[in-house]
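>>> whatever this is, show me its structure:
(2 chains, ligands or ions: 1)
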Amino acid sequence: MFARAKQLSVLLLGSACLWGVPALAADSAGRSAENMPIGVTPVSQTVYDIHMLMFWICVVIGVLTFGALIFSLIAYRKSKGAVAANFHESTKVEIAWTVIPFIILIGMAWPATTALIEVYDSDEAELDIKVTGSQWKWSYDYIGEGVSFISNLSTPKDQIANLAAKGENYLQEVDEPLVVPVGKKIRFLVTASDVIHSWWVPDLAVKRDAIPGFTHESWALIEQPGTYRGFCAELCGKDHAFMPIVVEAVPEAEYNDWLAQKKKEAAEIRALTSKVFTLDELMTKGKEVYTKHCSTCHMENGEGVQGAFPALKGSAMATTAEGLAGHLDIVVNGNTSKGMPAWGTSLPDVELAAVITYERNAWGNGSGDDEPDEDDIVQPIDVYNFKKGE
Amino acid sequence: MAHGPAKGIRRWLYTTNHKDIGSLYLWFSFAMFILGGAFAMIIRAELFQPGMQLVDPEFFNQMTTMHGLVMVFGAIMPAFVGLANWMIPMMIGAPDMALPRMNNLSFWLLPPAFLMLAATLFTEGGAPQAGWTFYAPLSTTYANPLTATIFIFAVHTMGASSIMGSINIIATILNMRAPGMSYMKMPLFVWTWLITAFLLVAVMPVLAGAVTMMLMDIHGGTSFFDAAGGGDPVLFQHVFWFFGHPEVYIIILPAFGVISQIIPTFSRKPLFGYSSMVYATASIALLSFIVWAHHMFTVGMPLAGELFFMYATMLIAVPTGVKVFNWIATMFKGSISFETPMLFSLAFLVLFTIGGFTGVMLSIAPADFQYHDSYFVVAHFHYVMVAGAVFSMSAAVYYWLPKWTGRMYSEPLAQVHFWTSFVGFNLTFFPQHFVGLAGMPRRYSDYALQFADYNMVSSCGAFLYGVSQILFLVIVILTVKGGKKTTKEKTWEGAEGLEWTVPSPAPYHTFSTPPTVK
Ligand SMILES: [Cu+2]
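Now for the predicted structure:
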């Protein structure tokens, strides 16, 4: 029996210690495989300190409590002839073990309260970014700058399907990261367009639920340039695990250059709306857009997912001239309550035209002969007019 | 009066005997435990390595959802109701439950409810996939309507069963105690169940309200939870957690009761502070109504709300601490032996306390912004649900099995079950603290490479834990079929209470004439 009691105590102490070790193994940026990152904002450091404080308080209480337990288990073994005493109830002891924990809790509540007040103080931000979660990607809108883009997972499907070796940043890389300046107070206005998501970047200690119909604020002041990766933290459906966040924090000058470049691109895209494209051009661009934005649901082969996402291959809407208006409507306005996002505001007209054209001609959806029918080609200007006519 | 059970299937279909119904509940819950466990094995097999290997993400989400629903509503809750059925009449000296026919109905509602739920797996849209917390609008407008509707009816049916079961328990405890069994003489298991039953009656209707609103949103054109129609998705969370937080105490309070029976027995010393244990249980129950939004620290509540829910949540540590300290003080200067029920109770004590520590950490709102919806939370609630509720259930089964069957289980095999469960459990869930803190969100069908090592450990632990439960089944069957006969009234030297005054196995009818309690 003694052996068993000893075994038990070794296991208990062992598990208590396990938690102490990881704190030592952090990298220079304060990240480790076992513990919360220290992060790169004043708030993340405060939060880390509170976390460690709580942890150590728990360790001390744990050592005392489990110590008393292990002592009793060893000292009062029946197999060693222990005879039970017959005492119970002691008001003094019971008051002590009610009051002392209460005092410890007050000690914990104090730093927690001041930290929470800090977290909630998003006033006087120098930069506002609207963050929108949708199935299954994030979009960012630099408020007042006319710059906005969608940020998709960029890990190749082959890696997920184990057909290719996984890269270093497997499932935590995106095509367009969120670029922000260091040393500026940035306010995130977080919302969603379909179901609830949650925008979480551990290094910034920011986690905000993205709730459709509501916008909530959060903020960060990043002190160190670098790449900070995060995840969607609220279950949002099929590809919940496949909508990461990448924040690129750069010095202010670099940020300004980036922003200027982005503004220029936006202007160019707007100019393209009036241009007329050939079927080939639209098909090439359309395939690109389709793969990036549509294939998660409708699948690369256009066959969809039974019971969830309709097939576009052979769909009446995409194969008949009468379907065109409906096709434009569903792509531009979506049917968000059924799970089809509205793309009209998030993609430029060129890309909308290209992807619609692609859907009307790929997978045998076209008329079959080489001469495209009138209704098989959608030009950016058609999308523009459709939007205006609404 | 002194007739035995009917023969064949009719005994089980028509029975109004608390022992039969108790057994039905226990076997049903074990079947659900195996089913929910199978779902968990699929989850852990998929997460064994990064990359999608075995299932697709939709099915993965169905598995996490069904695992949670089946374990909470199908395994743990019915298991404790089964225990209540068996033990409460025998502990308070009553001949049966107060409302025996309703007792039959409340059990027989469960199999159809879970058949319906399981049947969704075979529909076109698959099983529910919005998590066991089924947040709207993912569970309403974005869900397959057929699946969601069946799910809602299943929840209604389980809820009705729970409410009936608890009314029955309350009626039994209030009215059927033997002469002399005053409230402050009731065994703690009875006390914890009385309080639990009140919690159930209070919150199951709230859950029913939540799913009814979902039903209306799906089929009635309302927008309770749809912002586009003027509703509020966060309303769902408030209503859900107003049910859901007391629900965790519904699960853990009877476990406290079990442990409070077992530790004194094997310490051969009465419980240190009986009355403070009763008050602590009641305070936990009361506090459980005002802490629900600590599950929602990241939804964007105003600062004052966050502070209120943070302080209230921290307070729960006080009565919980009282319980833990009391159990240890009971062992202090006792005469302790380590039979399997005691081993499970000790493991409960230690692991539940670790779950309590992480609970206090989670209550700290600013830190919760990092913990929330990560694997840290998964680790936390499995420490309280599995090492809490499930370990205490295992302890209870070993403790009372000789009373139920008149046969002794095999101590060596049972200890193998204990050690494999203990090691398997900790291997599974301890590393989840690490990956959670390092940033792995919960309910992820695939994950980044820095989480790979601990996930593999976790999966190995889960398989060990899973196999160990099959051993449990084998041990119970071996005991029932051919365990060594034990006819002693008092199986355990240090046991106290009326259930140990009746023969083993307990006759079909006990206490037809009430005992007198001094
Ligand atoms: Cu999401």
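
>>> C-alpha from now on. contacts and neighbour counts both.
Will do.

>>> who in chain A is up against the ion?
In this structure, chain A approaches the ion at residues A:His197, A:Cys232, A:Cys236, A:His240, judged by CA under 5 Å from the ion.

>>> quick check on the last one: phi, psi?
Comment: the main-chain dihedrals of A:His240 come out as phi -50, psi -40, following degrees, to the nearest 10.

>>> would you mind measuring from B:Val502 to chain A?
B:Val502 sits at a distance of 25 Å from chain A (criterion: CA to the nearest CA, to the nearest Å).

>>> make JSON lines from the residues of chain A next to the ion and add secondary structure, distance to B:Gly36 and neighbour count to it.
What follows is the residues of chain A next to the ion, written out as JSON lines (DSSP: H, G, I helix; E, B strand; the rest coil; distance: CA to CA, whole Å; neighbours: other CA atoms under 10 Å in any protein chain shown):
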{"residue": "A:His197", "secondary structure": "strand", "distance to B:Gly36": "27", "neighbour count": "31"}
{"residue": "A:Cys232", "secondary structure": "strand", "distance to B:Gly36": "26", "neighbour count": "32"}
{"residue": "A:Cys236", "secondary structure": "coil", "distance to B:Gly36": "22", "neighbour count": "29"}
{"residue": "A:His240", "secondary structure": "helix", "distance to B:Gly36": "22", "neighbour count": "26"}
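
>>> burial check on residue 93, number of neighbours?
Since no chain was named, I'll use chain A. As a burial measure, A:Val93 scores 14 neighbours (other CA atoms under 10 Å in any protein chain shown).

>>> chain B is the one I meant
The criterion is other CA under 10 Å. On that basis, B:Gly93 has 26 neighbouring residues.

>>> isn't it right up against B:Gly180?
No: in this structure B:Gly93 lies outside contact range of B:Gly180 using CA atoms under 8 Å: 10.2 Å.

>>> which elements pack onto the longest helix seen in chain B?
When chain B is scanned for its longest helix (criterion: DSSP state H), the result is helix B:233-267. Here helix B:233-267 is seen to pack against helix B:77-92, helix B:188-219, helix B:274-287, helix B:317-331, helix B:340-363, helix B:391-405 when contacts are counted using 3 or more CA pairs under 8 Å, 6 or more residues apart in numbering or on different chains; DSSP states H and E.

>>> quick one, which of those gets closest to B:Gly4.
For the helices and strands packed on helix B:233-267, distance to B:Gly4 was read as CA to CA. The smallest value, 15.4 Å, belongs to helix B:391-405.

>>> ok, and what's touching the closest one?
Residues outside helix B:391-405 that contact it (CA atoms under 8 Å, 6 or more residues apart in numbering or on different chains): B:79-80, B:255, B:258-259, B:262, B:340-345, B:347-348, B:407-409, B:479-480, B:486, B:489, B:491, B:500, B:503-506.

>>> extract the C-alpha set from stretch B:178-185 and format it as PDB.
These are the backbone C-alpha positions of stretch B:178-185, laid out as PDB (Å, rounded to 0.1, in the frame of the first residue of the first chain):
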ATOM      1  CA  ALA B 178     -37.900   7.700   7.300                       C
ATOM      2  CA  PRO B 179     -39.000   8.900  10.700                       C
ATOM      3  CA  GLY B 180     -36.100  10.700  12.400                       C
ATOM      4  CA  MET B 181     -34.300  11.500   9.100                       C
ATOM      5  CA  SER B 182     -34.200  15.300   9.500                       C
ATOM      6  CA  TYR B 183     -32.800  17.400   6.700                       C
ATOM      7  CA  MET B 184     -29.500  17.800   8.500                       C
ATOM      8  CA  LYS B 185     -29.200  14.000   8.900                       C
END
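
>>> buried stuff in that stretch?
By neighbour count, with 16 or more other CA atoms under 10 Å in any protein chain shown as the criterion, the buried positions of stretch B:178-185 are B:Ala178, B:Met181.

>>> so what's whichever residue of the stretch 101-250 of chain B sits closest to the ion up against?
Taking CA to the ion as the measure, the point where the stretch 101-250 of chain B comes nearest the ion is B:Leu138, at 10.7 Å. Taking CA under 8 Å, 6+ apart as the contact definition, B:Leu138 lies against A:Val195, A:Ile196, A:Cys236, A:Gly237, B:Ala130.

>>> spell out for me which residue occupies the centre of the chain.
I'll assume chain A. When CA atoms, centre = their mean is applied to chain A, the residue found nearest the centroid is A:Cys232 (2.5 Å).

>>> chain B, not that one
The residue at the geometric middle of chain B, judged as the C-alpha nearest the mean C-alpha position with CA atoms, centre = their mean, is B:Ile76 (3.3 Å).

>>> surely it meets B:Ala31?
No: under the criterion of CA under 8 Å, B:Ile76 lies out of contact with B:Ala31, with a separation of 11.1 Å.

>>> hang on, the earlier thing: between the contacts of B:Leu138, which is closest to A:Trp110?
A:Ile196 (31.8 Å).

>>> out of the helices and strands packed on helix B:233-267, nearest to the ion?
Taking CA to the ion as the measure, the helices and strands packed on helix B:233-267 were each checked against the ion, and helix B:188-219 came out nearest at 21.0 Å.

>>> and that closest one, which residues are buried?
Going by neighbour count (16+ other CA under 10 Å), the buried part of helix B:188-219 is B:188-201, B:203-215, B:217-218.

>>> cool, and stretch B:101-108?
Along stretch B:101-108, these residues count as buried under the neighbour rule (16+ other CA under 10 Å): B:Met102, B:Asn103, B:Asn104, B:Leu105, B:Ser106, B:Phe107, B:Trp108.

>>> circling back: would TSV of the residues of chain A next to the ion with pLDDT be doable?
TSV is the format used below for the residues of chain A next to the ion (pLDDT from 0 to 100):
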residue	pLDDT
A:His197	96
A:Cys232	96
A:Cys236	95
A:His240	95
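
>>> just the residues you listed now: which is nearest A:Thr65?
Nearest to A:Thr65 among the residues of chain A next to the ion: A:Cys232, at 37.8 Å, using CA to CA.

>>> gap between that closest one and A:Ile245?
Taking CA to CA, to the nearest Å as the criterion, A:Cys232 is separated from A:Ile245 by 7 Å.

>>> which residues do those two both contact?
Taking CA under 8 Å, 6+ apart as the contact definition, A:Cys232 and A:Ile245 share the neighbouring residues A:Trp199, A:Trp200.

>>> wouldn't the residue nearest to the centre of chain A be in contact with A:Met243 here?
Yes: under the criterion of CA under 8 Å, A:Cys232 lies in contact with A:Met243, with a separation of 6.2 Å.

>>> now do the contacts for B:Ser459.
Under the criterion of CA under 8 Å, 6+ apart, the contact partners of B:Ser459 comprise B:Arg44, B:Ala45, B:Leu47, B:Phe48, B:Thr428.

>>> cool, A:Met108 as well?
The neighbourhood of A:Met108, defined by CA under 8 Å, 6+ apart, consists of A:Met54.

>>> now it: which helix or strand?
In this structure, A:Met108 is located in helix A:91-120 according to DSSP states H and E.

>>> so after that helix, what's the next helix or strand?
Scanning the chain past helix A:91-120 towards its C-terminal end, the next helix or strand to appear is strand A:127-134 (assignment: DSSP H and E).

>>> in that next one, which residues are buried?
Within strand A:127-134, the residues that qualify as buried are A:Leu127, A:Asp128, A:Ile129, A:Lys130, A:Val131, A:Thr132, A:Gly133, A:Ser134, counting by 16+ other CA under 10 Å.

>>> how about the second one: what's its closest non-neighbour residue?
Excluding its sequence neighbours, the residue lying closest to A:Asp128 (CA to CA, 6 or more residues apart in numbering or on different chains) is A:Arg187, at 4.9 Å.
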